[in-house]
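Asks: Below is the sequence, then the predicted model.
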Amino acid sequence: MRLIELHKQRMILPTPHSSTRRIIDDALRSVGSVPVIVAEMDSVAATVELVRQTALAAIISRLATPEGKDVRAVALESPTPLRTPGLLMRSGRPSTPALTSFIGILRRLVLQHRTVPSRQFPLPAGGERVRLRGRTPS
């Protein structure tokens with residue numbers, strides 16, 4: 001489904017302070033789509049239950065989409081809202097062997113499953129460089 005098709009659709013969205021909501025709002029705004037926001041909540045379980053019991057639509061992660069015949073997932077596109085993962089570390093701390101190993105595993109997984117061009121981000125305290133999907137942090 002193209003995001004423009006959500007224009008005037010009655011929807012449940014995350015609360016305005018959440019980063020997920022900002023991603024959704026930016027994507028909708030980019031195509032001029034203005035849904036009718038009927039409810040705002042950050043609980044995925046409550047959102048899914050409300051969708052089950054009403055004629056409302058919601059945008060949630062495909063990973064949180066329940067299996068069953070009472071709700072169904074529809075892929076969004078044009079543009080596809082993307083969440084950018086990142087690794088947050090305390091600055092000025094040397095990397096431990098366990099952390100370096102974890103970063104290596106994470107890096108391999110991201111490279112295997114990436115869907116957008118990756119960029120390199122240096123570690124703050126000397127370890128190997130890590131490639132993560134998405135945009136450069138500000």
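Replies: The structure has been received and is ready for your questions.
Asks: I'd say residue 20 and residue 27 touch.
Replies: No. Distance between residue 20 and residue 27: 10.9 Å, which falls outside the contact criterion (CB atoms under 8 Å). Every C-beta, even on glycine, is put in place using the N, C-alpha and C of the backbone.
Asks: Name the residues contacting each of those two.
Replies: Listed contacts common to residue 20 and residue 27 are nil; contacts here mean CB atoms under 8 Å, 6 or more residues apart in numbering.
Asks: For the host helix or strand of residue 51, list every residue counted as buried.
Replies: According to DSSP states H and E, residue 51 maps onto helix 44-53. Residues 44, 47, 48, 50, 51 are the ones in helix 44-53 that count as buried (16 or more other CB atoms under 10 Å).
Asks: ok, now stretch 53-62?
Replies: Applying a neighbour-count criterion of 16+ other CB under 10 Å, one finds 56, 57, 58, 59, 60 buried in stretch 53-62.
Asks: Give the other helices and strands that the longest helix seen in the chain contacts.
Replies: When the chain is parsed with DSSP state H, its longest helix is helix 97-113. Secondary structure elements in contact with helix 97-113, counted by 3 or more CB pairs under 8 Å, 6 or more residues apart in numbering; DSSP states H and E, are strand 130-133.
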